[in-house]
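> fold the following for me, if possible:
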Amino acid sequence: MRWALVKVSLAVTTMVVVAFAVPLGLVIREMARDRAFSNAEREAAAVAPALSITTDRDQLERVVASAGSDAGMAVHLPAGDGQEALALGRRRAAGEDIAAVRKLGRASTTGVAGGSTLLQPVALSTGKIAVVEVYVPESDVTNGVGTAFAVLAAVGVALVLGSVAVADRLGVRMVRPAKRLVEGAHDLGEGRLGARVPEDGPTELRLAAAAFNSMADQVVQLLANERELAADLSHRLRTPLTVLRLNTASLGEGPAAEQTRSAVEQLEREVDTIIRTAREAKPQTAAAGPGAGCDAAEVVRERMAFWSALAEDEGRKWRVAGADRPVRIPVARADLAAALDALLGNVFRHTAEGTAFAVDLHNGEDAVIVLVSDAGPGIPDPEAAMARGRGSGSDGSTGLGLDIVRRLAESTGGDVRIGSSVLGGTEVRIWIQLDGRAPASSGHRQMRRRRPRRIAAVYSRSRSR
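Residues are numbered from 1 along each chain as shown. Model (predicted):
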């Protein structure tokens with residue numbers, strides 16, 4: 001916008017300067033010419049009274065010498081009374097031009113070498129016509145024209161430069177608020193909720209900045225209300241959890257009782273974490289800082305040890321692959337555990353008892369893939385299942401668990417895919433980028449193009465088993 005305004009101002013000012021400077025220059029040149037010939041007419045008029053009184057050569061020579069240089073003036077006397085035609089001074093005009101002026105009886109100008117001549121007719125006492133010739137050099141005609149043109153050019157350049165400078169300042173005044181508005185919108189989109197825009201500049205941009213600030217305030221208020229609502233809803237779970245924990249004390253001893261008590265304690269911890277996170281408004285979707293993250297293999301082994309007890313009770317076959325060596329990922333331990341619990345919980349919740357499931361962990365150079373597959377009936381519409389609040393369509397499915405998994409993967413620049421597993425049911429693939437870059441703007445297709453060859457080969461082999 002700034003440079004466009006400068007270009008428009010430059011073009012308009014240049015056209016205005018040309019429109020005024022060219023005619024003015026022509027007028028100045030014509031004025032200089034008129035001035036030179038007016039001086040010539042005055043010189044010729046100084047000789048006219050003497051010619052009307054006498055035609056004596058000596059007297060006329062003195063008059064010509066007093067009126068001007070004899071090199072610049074000549075007097076042409078006609079023949080008569082036994083006298084031949086006489087020419088005093090230096091003659092430059094052609095004889096036919098002099099004769100034409102004497103015949104017509106009016107002044108005329110004609111071009112000669114080095115300039116022009118003014119031929120002025122004068123009536124003599126004898127009734128005949130003499131012609132006074134005044135030489136006007138070209139330097140007199142153009143005297144001061146070059147200086148005037150230089151002044152006009154300097155004024156035109158100054159006007160153009162001044163208009164460009166003014167347009168640039170106006171452009172800055174318009175562009176700077178617009179740029180701040182763009183930066184504020186970008187910061188707000190990146191999650192910096194404190195981003196605000198100064199309300200200055202032109203009226204339209206001030207109104208836009210005020211609307212943006214109002215919108216940002218509303219976003220902050222809505223998020224605060226959402227956090228308070230999440231904290232309040234989570235706090236309501238404390239009472240039934242307390243009753244459930246007290247009831248577990250009556251279960252006695254045994255693996256099932258210990259597992260139940262452990263599950264209740266973990267549920268209480270998760271509820272406390274939700275309340276603290278909602279109150280403190282600290283995002284918990286990704287690890288931060290150099291070296292932060294967790295060992296994905298350790299988390300997989302820990303969560304499978306928890307779910308394996310329930311799998312044995314329900315007669316489910318299960319297996320774990322790729323978790324025998326450390327696999328570092330830029331994800332908080334609690335987030336990965338929550339994502340695995342959401343996927344494994346879906347297996348137990350939406351498949352019949354005895355349905356087999358598996359967890360595979362594949363480590364690549366710049367990405368890690370976590371596969372959770374089962375031998376259940378599958379998901380008819382994977383795209384709808386990924387939509388928050390919709391789920392797979394079965395009873396008890398809201399889609400929130402898959403939304404947790406999706407946000408975890410996208411926080412590292414990865415993605416989540418739902419497909420058919422080699423066990424015959426559903427397979428959920430979590431793609432985790434190890435460099436922690438932001439999600440690609442072109443979507444999943446770009447992520448597939450950047451898949452490392454080695455990890456893609458491992459992924460293909462795991463699907464062919």
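> quick check: residue 253 vs residue 266, distance?
Spatial separation of residue 253 from residue 266 under the definition C-beta to C-beta, to the nearest Å is 20 Å. Yep, even glycine has a C-beta here, placed from its N, CA and C like the rest.
> which residue ranges of the stretch 351-465 of the chain form helices?
Using DSSP state H, counting those that start in this stretch, the helices found in the stretch 351-465 of the chain span residues 382-385, 400-410, 444-449, 453-464.
> of residue 253 and residue 266, who's got more company?
The residue with more neighbours, out of residue 253 and residue 266, is residue 266; 13 against 7, by other C-beta atoms under 10 Å.
> now name the helix or strand holding the more buried one.
Following DSSP states H and E, one finds residue 266 within helix 255-280.
> which pLDDT value goes with the residue nearest to the spatial centre of the chain?
Against the mean C-alpha coordinate of the chain, by C-alpha atoms, centre = their mean, the closest residue is residue 179 at 8.1 Å. Residue 179 is assigned 83 on the pLDDT scale.
> quick check: phi and psi at residue 144.
Here is the backbone geometry of residue 144 (degrees, to the nearest 10): phi 80, psi -10.
> ok, now which ones touch the nearest residue to it once chain neighbours are set aside?
Taking C-beta to C-beta, 6 or more residues apart in numbering, and ignoring the residues beside it in sequence, residue 144 has residue 32 as its nearest neighbour in space, at 5.8 Å. Contact analysis of residue 32 by C-beta atoms under 8 Å, 6 or more residues apart in numbering lists 141-145.
> about what we covered before: return the distance of the following helix or strand past the helix holding residue 266 from the chain's centre.
The element immediately downstream of helix 255-280 (helix or strand, assigned by DSSP H and E) is strand 294-295. Here strand 294-295 is found 41 Å from its chain centre; the criterion is C-alpha atoms, centre = their mean, to the nearest Å.
> contacts for strand 294-295, please.
Residues from elsewhere that reach strand 294-295, judged by C-beta under 8 Å, 6+ apart: 287, 326-329, 331-333, 336.
> now do it, average pLDDT.
The pLDDT scores in strand 294-295 average 90.
> which neighbours does it have in its sheet, and in what orientation?
Within its sheet, strand 294-295 is paired with strand 328-329 (antiparallel), according to DSSP bridges.
> return the per-residue confidence for residue 454.
We have a pLDDT of 42 for residue 454.
> no, scratch that, I was asking about residue 340
The predicted structure lists residue 340 with a pLDDT of 90.
> gap between stretch 47-55 and the chain center?
Relative to its chain's centre, stretch 47-55 lies at 83 Å (C-alpha atoms, centre = their mean).
> apologies, that question was intended for stretch 359-367.
Its chain's average C-alpha position is 39 Å from that of stretch 359-367, according to C-alpha atoms, centre = their mean.
> which strand or helix spans residue 122?
Here residue 122 is covered by strand 115-123, with elements defined by DSSP H and E.
> helices or strands up against that strand?
helix 2-53, helix 95-104, strand 108-112, strand 129-137, helix 138-141 (3 or more C-beta pairs under 8 Å, 6 or more residues apart in numbering; DSSP states H and E).
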